[in-house]
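Trainee: how does the following fold in three dimensions:
(2 chains)
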Amino acid sequence: MDRETREVICILCPVGCRITVEIEDGEISKIENAGCKRGRDYAEQEIKSPVRDFFTTVRVKDGKIPVVSVRSTAPIPKRMLMRCASELARIVVPAPVRIGDVIVKNIMNLGVDIVATKSVEKA
Amino acid sequence: MIKRKLDIIVIGGGAAGLAAAIAAKESGVNSVLVLERNPELGGILPQCIHTGFGLHYFKENLTGPEYISRFISRVHDLEIEYKVETMVLELSPRREVWAVNQHDGLLNLKADAIVLAMGCRERSRGALCIPGTRPAGIFTAGTAQRLMDIEGFLPGRKVLILGSGDVGLIMARRFAMEGAEVMGVVEVAPYPGGLDRNLQCLRDFGIPLYLRHAATFIHGSDRVEAVTISRLDESGKPIAGEEKTIECDTLILSVGLIPENELSKGAGIQLDPNTGGPVVDENMETSIEGVFACGNVVHVHDLVDHVTQSGEVAGKNAAKKVLGELPPLERRIHLRPEGNIRYVVPQIISGERPLTLFSRVKKPASNAKIIVGEKISIHKRIVKPPELVTIKLTSELLKKLNPEKKELTVTMEE
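Mentor: Take a look at the predicted model:
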């Protein structure tokens, strides 16, 4: 049998529980040291399919500043972070950019959009 | 030279200053002027492109630029006057402000109330006295963040980060996401300096955290080539033979923030040695009548939401002052931090109105009791130095205070 113990630091509140999760043959067999139910659920998600907020910058052509900050409209799978970052590294958007503008629709087919988080005027 | 008289001048157009200006204007004050040194409003937030802002204030998870844009829009809607690229040179105890910019030249301004919202600055290499050469490639975390997220440069490809405060942890992730190799984060304390949730920044990218380590030598002639770090003993001294030299081209410093109070000192405002900021009462008024202070200039916050709230308190009360609606405090009770309590803000309360005190501890503790005076005891499950401790003094609790006391200690029992 394949057995593994992993530690998840809960980020839901300032207590920051160090939750231990035991995994047997790829299945969660035990979750310990979670201070609350939400923490337990968080640890479970962290093991099964962790997601992260995604944010980076995208190059702007003829803008007052050369990059615009962007984010995903919802968290994306953790394993896709770098792939989305590389995808966005290839993009250049023309100024002006307005806060909330969609920069990439449905990025990597994840069902989330990449939107601008600030406005950049034309230079 | 331009001479003007205003109702309120706000020095600093970041989160605190904008909240103060908005609150003042909404309270019915006519002329409010915000003076900002940077080319744009917003302070540090336009470069904090990560999420986690506004969870308390807006109950939404926003990025820094999104958070501050809501306040900038409000400034425009309320037609609040502001001047960017304007440097305040001096503040006098009579609420006179000397400032300069390219457009107006020298400005001599006077106001019935001043709000100090200058924020804080980063501690730099000079303050740490790290031995070694003086090559290029050493940046404070905030400078690196500005270079990456506003100016569009990657300041290094092989990066070591000194200091595990929030900015350091966030920049570790940011560098990793941009494809740089992050060699590690070095922290002198035996525990991380930032919020727990930000440790995820390191775990997600497999970045090592060297606790109880210090940078003891910087190598390189033109550019940083390596940094030697040493393990520290219990007393914080490097242990001989426990060094490790890490190859890198960039060293990022995230080693603490200091409230920016040159102007306050010049005006003779009383500062609190524990916070590095002005002593304020529960109205956020400083030792000089009509001069208020808010945000990171008072003490370094960890959440912008609290900065905004303190700006609102300062702005509202500055407006009341101008309108003649701010009576002096009935009583002035000085709060004195003791034991594990490093500081308490505000430092002066009346004991008449419910309020929230902000405090920072020296060491982590669990199941602790915060004791205010003799009779008020507030339970805290866990306290840590990176996280502000809020102490809610309700009307119920305030009834327990001895009205004769001029000074109360704030301490902790474990």
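Trainee: state which helix of chain B is the longest.
Mentor: Longest helix of chain B, by residue count under DSSP state H: helix B:304-322.
Trainee: name the helices or strands packed onto the helix or strand just after that helix?
Mentor: Where DSSP states H and E defines the elements, the next helix or strand beyond helix B:304-322 is strand B:333-337. On a contact count with 3 or more C-beta pairs under 8 Å, 6 or more residues apart in numbering or on different chains; DSSP states H and E, strand B:333-337 meets strand B:341-345, strand B:348-349, strand B:407-413. C-beta: built from backbone N, CA, C; applies to glycine.
Trainee: just the CA trace of strand B:333-337, in PDB.
Mentor: Included here for strand B:333-337 are C-alpha records, laid out as PDB according to Å, rounded to 0.1, in the frame of the first residue of the first chain:
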ATOM      1  CA  ILE B 333      -6.200  58.200  29.500                       C
ATOM      2  CA  HIS B 334      -2.800  57.100  28.300                       C
ATOM      3  CA  LEU B 335      -2.300  53.500  27.400                       C
ATOM      4  CA  ARG B 336       1.000  52.000  28.200                       C
ATOM      5  CA  PRO B 337       2.100  48.700  26.600                       C
END
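Trainee: can you tell me the strand partners of the helix or strand bottoming out on mean pLDDT in chain A and which way each runs?
Mentor: The weakest-scoring helix or strand in chain A, judged by mean pLDDT, DSSP states H and E, is strand A:3-9 (a mean of 90). With DSSP bridges as the test, strand A:3-9 is paired with strand A:18-24 (antiparallel).
Trainee: next, the buried residues of the partner strand.
Mentor: Of all the residues in strand A:18-24, those buried under the rule 16 or more other C-beta atoms under 10 Å in any protein chain shown are A:19, A:21.
Trainee: go on, stretch A:98-107?
Mentor: Buried residues in stretch A:98-107, counted by 16+ other C-beta under 10 Å: A:99, A:101, A:103, A:104, A:107.
Trainee: which elements pack onto the helix ranked longest in chain A?
Mentor: The residue-count maximum for a helix in chain A (DSSP H) belongs to helix A:37-48. Secondary-structure packing of helix A:37-48 (3+ C-beta pairs under 8 Å, 6+ apart): strand A:3-9, strand A:18-24, strand A:27-32.
Trainee: now these in a markdown table, with distance to residue B:24?
Mentor: Formatted as a markdown table, those follow (distance: least, C-beta to C-beta, whole Å):
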| stretch | distance to residue B:24 |
| --- | --- |
| strand A:3-9 | 41 |
| strand A:18-24 | 45 |
| strand A:27-32 | 50 |
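Trainee: now do stretch B:93-105: distance from first to last residue.
Mentor: 23 Å (C-alpha to C-alpha, to the nearest Å).
Trainee: any residues of the stretch 251-400 of chain B in contact with chain A? List them.
Mentor: Proximity of the stretch 251-400 of chain B to chain A (C-beta under 8 Å from any C-beta of the partner chain) is limited to residues B:381, B:382, B:384, B:387.
Trainee: most neighbours, which of those?
Mentor: Most neighbours among these, by other C-beta atoms under 10 Å in any protein chain shown: residue B:384, with 21 neighbours.
Trainee: I'd say that residue and residue B:361 touch.
Mentor: Yes: between residue B:384 and residue B:361 there is a contact under C-beta atoms under 8 Å: 7.1 Å.
Trainee: what residues does chain A put near chain B?
Mentor: Residues of chain A that fall close to chain B, judged by C-beta under 8 Å from any C-beta: A:9-11, A:14-16, A:52-53, A:55-57, A:59, A:65-67, A:69, A:71, A:78, A:81-82, A:85, A:99, A:117-119.
Trainee: list buried residues within those.
Mentor: A:9-11, A:14-16, A:52, A:55-57, A:65-67, A:69, A:71, A:81, A:85, A:99, A:117-119.
Trainee: please flag which of those sit within strands.
Mentor: A:9, A:52, A:55, A:56, A:57, A:67, A:69, A:71 (DSSP state E).
Trainee: quick check: closest non-adjacent residue to residue 74.
Mentor: If you meant another chain, say so; for now it's chain A. Distances taken as C-beta to C-beta, 6 or more residues apart in numbering or on different chains put residue A:112 closest to residue A:74, at 4.7 Å, once the chain neighbours are dropped.
Trainee: wait, I meant chain B there
Mentor: Among residues not flanking residue B:74 along the chain, residue B:22 sits closest, at 5.2 Å (C-beta to C-beta, 6+ apart).
Trainee: then residue B:159?
Mentor: Nearest-residue entry for residue B:159: residue B:250, 4.5 Å, with adjacent residues in sequence omitted and distances by C-beta to C-beta, 6+ apart.
Trainee: what does the domain assignment say about chain A?
Mentor: A:3-48, A:55-116 (automatic domain parsing).
Trainee: could you dump those into a markdown table and include distance to residue B:347?
Mentor: A markdown table is the format used below for the domains of chain A (distance: least, C-beta to C-beta, whole Å):
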| stretch | distance to residue B:347 |
| --- | --- |
| domain A:3-48 | 24 |
| domain A:55-116 | 37 |
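Trainee: rank those by pLDDT, which is bottom?
Mentor: Mean pLDDT per stretch puts domain A:3-48 lowest among the domains of chain A, at a mean of 90.
Trainee: end to end, how far does that domain reach?
Mentor: With C-alpha to C-alpha as the measure, domain A:3-48 spans 15 Å from end to end.
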